[in-house]
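Engineer: fold the following.
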Amino acid sequence: MIWRVGLAIVLVWVLGFIWFAGWLPGPAPMERTDAVIVPTGYAGRIERGLEVVQTDSADTLLVTGVDPEVKPGEFAAQFKVPEDVMECCVTLGFAATDTRGNAQETREWVEAHGIKSLRLVTSDWHMRRAATELRRQLPGDVKLIKDAVRSEPSLWLLLIEYHKWLVSRTVGPLFS
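Structural biologist: Numbering: from 1, shown residues only. The predicted model follows:
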């Protein structure tokens, strides 16, 4: 009897991983939102967030989890952000150090700015966990659009992220 339960757990885990790795979220169509949030990390995220703001699909951008050593001018130079866009539309958030911290920093920023619709831009492999953590933090009336940046994650990265997502979905609510 115990071996059947164990086998069932392994089967559910394997099928879950196949789903997780085989059907990664994709980019979202351009739809107007009040703001766009980009957790720092892998390539393409910040560029996509800036594209959203510069095509007038969002008024403002929060880049959360920025290293405290980064200066706004350095950020602007690295990502070729015009000075007027930096001044009007880009906020660098330095408080977060992980995905849960990104969600907390975002919640505070959303509440301070009266944001009612938000586009989350992150890597395809990170989207499910980032959205889970963010949805847990955001007020219920804030619309969330998930805009995943395509990547080519390794099997190892997918395995690690799958386990982090499982913990976020199951144990995470206990620590919120």
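Engineer: let's verify residue 119: helix, strand, or coil?
Structural biologist: strand (DSSP: H, G, I helix; E, B strand; the rest coil).
Engineer: who does it form a beta bridge with?
Structural biologist: For residue 119, the beta-bridge partners under DSSP bridges are residue 36, residue 145.
Engineer: okay, it: pLDDT?
Structural biologist: With respect to pLDDT, residue 119 has a value of 96.
Engineer: show me what contacts it?
Structural biologist: 28, 31, 33, 35-37, 52, 57-58, 144-145, 147 (C-beta atoms under 8 Å, 6 or more residues apart in numbering). Every C-beta, even on glycine, is put in place using the N, C-alpha and C of the backbone.
Engineer: ok, now residue 165?
Structural biologist: 20, 128-129, 132.
Engineer: quick one: it is in a helix?
Structural biologist: Yes: Residue 165: assigned to a helix according to three-state DSSP.
Engineer: ok, it to residue 127 distance?
Structural biologist: 10 Å (C-beta to C-beta, to the nearest Å).
Engineer: paired strands for whichever strand or helix holds residue 60, with orientation please.
Structural biologist: In the assignment (DSSP states H and E), residue 60 maps to strand 58-64. Paired neighbours of strand 58-64 in the sheet (DSSP bridges): strand 33-39 (parallel), strand 90-93 (parallel).
Engineer: quick check: buried residues in stretch 89-99?
Structural biologist: Within stretch 89-99, the residues that qualify as buried are 89-93, 96, 99, counting by 16 or more other C-beta atoms under 10 Å.
Engineer: can you check stretch 63-81 too?
Structural biologist: 63-66, 75-76, 81.
Engineer: just the closest of these to residue 153, please.
Structural biologist: residue 65 (18.7 Å; C-beta to C-beta).
Engineer: ok, residue 36 to residue 12 distance?
Structural biologist: Distance from residue 36 to residue 12, by C-beta to C-beta: 35 Å.
Engineer: those two - which one has more neighbours?
Structural biologist: residue 36 (26 against 10; other C-beta atoms under 10 Å).
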